Structures are given as C-alpha cells and as structure tokens.
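Trainee: sequence plus the predicted model coming up.
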Amino acid sequence: MGALRHAIRLPALVAAFALIGAAPSARADLLVTSANNGSVLRYDQTTGASLGTLVPSGSGGLTAPFGLTLGPDLNLYVADLIGPNAVLRYNAATGAPLPAAGQSGATFVPDGSGGISFPFDLTFGPNGNLFVTGAASNNVVQYNGVTGATVGPFVASGSGGLNNPASLLFAPNLGGALLVASNATDNVLEYNGVTGAFTGVFASGGGLDGPNGLTFGPDGNLYVASVNTDSILRYNGTTGAFIDTFVAPGSGGLNNPVGLRFGPDGNLYVASDLTNSVLRYNGATGAFLNTFVAPGSGGLSGPRYLIFTATVVPEPASLVLTGLGLLVLAGYGWRRTTAG
C-alpha cells in the first residue's frame, strides 16, 4: 500500500430498448465515493445538500469505492479498490445492485479479472467497452461493456513507465487517445486509443507531484489534481504544455485532492480527501468559491471521485409509446448520440 500515496494521503434497437424506462430527467445529482466508510453518497447539484446514501457500505460487496462512472446503460459502475478488487454495478437511481450474468452481489467485473489489481478508476471508451486502471498491477484492462467479460490487457503493465496509475480518460481532441495519470512518475501518459500502444508523455512539469484526477475543462485544456502539492494544474489540451497552477496549493483548504469535475454551472468541483469535503472553484479563474459539500456531510469520509449525473427516472407507462417511436425513427435511419 505504500506505493498508493494518492490513495493514502491516501446492432442498435436492443440497446435503445434497454434505455427505455430509465430516461434521464432535467435534474442531476452529485455522486461522491466515500472510501473510508465504503459508500456512495448523493448531493444536490445546486446546493450541495446531502440527499442521503445511494449505495450503503457492503451493498453488493462494496468495501472501498474509488472511481465511478455512468455506463451507456445509465447504470452506475464503481471501482472497488481493496475489498472485492472488482468493478461493481448499481442502479443509478435506487442504488440497487445489478450483477452481470453469472455473477452475484453487484459484481460486473469479478475479482482480479484480466490481471487487474487494485482497480482505481474507470471509464467507458468510444467502442463502448469499459477500461479500468490497476493501481498495483500498473496496467489498464479492457472489459466488454455489456457483459463485463475480459477483452484483454489494453495498456500492458509498466508500458511507457506507467507506475501506480490513477485516473484515465479518452481525449477526442487527440484523436481519441487515452490519457492515464501515472502517479508514481509524476506525469500523464498518452496511449493509442485503439491499440493501447504507448505514444509518449503528454503532460508533466509545472510542479506536478502525484497526479490523480484528470478532466478536460470547457476551455479544452487538461486539469490535473496534484495530490502532494494540494493544487490543480492546467495543461494545454492539445500539446500537453504546462499553462499554470489553476488552483493554488491549499486554496480554500484543499488537502489531498483526488477526483475533479466541471459542474453544470461551469465551475470546478474537487474532492478534498483529508478534509472530507468537496470544494468549488471558479471555472474560469480557479479562485475559491466555497465549500460545496461541508466536511462530513451525509457521512462523507475520504471522498475520492465524483460525477454529476442525470437522475434516472423510470417511466414504465411510456414504455410502449417510446418503443414505437424508436421503431419509427429507426426506419428512417435515425441515430442517437450520447455523451458521458
């Protein structure tokens, strides 16, 4: 565990019908993984007020949740770092466990599948499959996005110097390249988004020490949580060149920043691990705005990653009408594009 310094300072109609009854409403919540008490908590996206526990500790096997994301099916996928060493799936509206076929609890990707060890963060790729970083196995593994079955190693262990990988994301502005935060080597590495081959160091320098969370901003640039300097750094989203320290060290009480996201309001939200809070910063200037989620609110302890997500609202009464509408639209070659 000593190496984990960032964790311790710590064909298409079928798919369309799968979304029926789970259409997102206009409202969105903020979901945060609370690693120290093994839960996923929910907050009002506008006020930061606690809306309760979405996934309680132990539900479906949940022990130490880190990265989380919404899948193309609008369900919630969670990387459980230590306990089941797996990826778990839940209904994003109710928190109910949704295991893959043949699995139990909430297991979507079973313990150690594909050679993953300490799954840290996860994202769905352009091909619809799930990609997960292994913090202890120093790799990225690809899984079938529908079944959870292992497709195979995507980024081989240690490729390009990858050591203690944390966050990952695909970069459309880089031709779909995959970027991975290499925590122990203090840089962000770039890999071919189709083959997983190493293509170079994308971002480094500027005082980056212990990179963890990654996100692109509205300006198209890359924002990186520098865990060991308690700051957020900004890099050119195309070249990777260092631009500036966007959030100054310790600004607003920032201590051990992990996950970060730009919210619906255009501002930057950061999980401040050691203060058990979520802090908000001006999305244009990086100036501290407020403590959005108060320390310990709703039981928050050890916040790791966060996402804003459209609330899933089942609408069973509209099932038939929606299905008929999809059939008609499909007949005219209609395509629906979603963004995660």
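Mentor: Here it is on my side, so go on. Residues are numbered from 1 along each chain as shown.
Trainee: my read: residue 210 touches residue 224, true?
Mentor: No: using C-beta atoms under 8 Å, residue 210 is not in contact with residue 224, being 9.9 Å away. Bear in mind the C-beta positions are built from the backbone N, C-alpha and C, glycine included.
Trainee: and these two? which has more neighbours close in?
Mentor: For residue 210 versus residue 224, neighbours defined as other C-beta atoms under 10 Å are more numerous around residue 224 (30 against 22).
Trainee: phi and psi next, for the more buried one.
Mentor: Main-chain dihedrals, residue 224, degrees, to the nearest 10: phi -130, psi 130.
Trainee: where's it relative to residue 54, distance?
Mentor: When distance is defined by C-beta to C-beta, to the nearest Å, residue 224 is 27 Å away from residue 54.
Trainee: got it, and residue 223?
Mentor: Taking C-beta to C-beta as the criterion, residue 223 is separated from residue 54 by 26 Å.
Trainee: of the two, which one has the most company?
Mentor: In terms of neighbours (other C-beta under 10 Å), residue 223 is the more surrounded of residue 223 and residue 54; the figures are 25 against 22.
Trainee: which SS class is the more buried one?
Mentor: strand (DSSP: H, G, I helix; E, B strand; the rest coil).
Trainee: now do the contacts for it.
Mentor: Residue 223 makes contact with 214, 215, 216, 217, 232, 233, 234, 235, 246, 260, 268, according to C-beta atoms under 8 Å, 6 or more residues apart in numbering.
Trainee: now do residue 177
Mentor: Under the criterion of C-beta under 8 Å, 6+ apart, the contact list for residue 177 reads 170, 171, 190, 191, 192, 193, 199, 202.
Trainee: filter the residues you listed down to just the buried residues.
Mentor: For those, a neighbour count by 16 or more other C-beta atoms under 10 Å gives the buried set as 170, 171, 190, 191, 193, 199, 202.
Trainee: residue 32 is in contact with residue 67, correct?
Mentor: No: taking C-beta under 8 Å as the contact criterion, residue 67 and residue 32 are not neighbours in contact, 11.6 Å apart.
Trainee: what do these two both touch?
Mentor: Looking at what touches both residue 67 and residue 32 (by C-beta under 8 Å, 6+ apart), the common residues are 304, 305.
Trainee: coming back round to it: in helices only, show me the buried ones among the contacts of residue 177.
Mentor: In helices, judged by DSSP state H, none of the buried ones among the contacts of residue 177 are found.
Trainee: from those residues, which two are the most distant?
Mentor: The largest distance within the buried ones among the contacts of residue 177, taken as C-beta to C-beta, falls between 170 and 199 and amounts to 13.4 Å.
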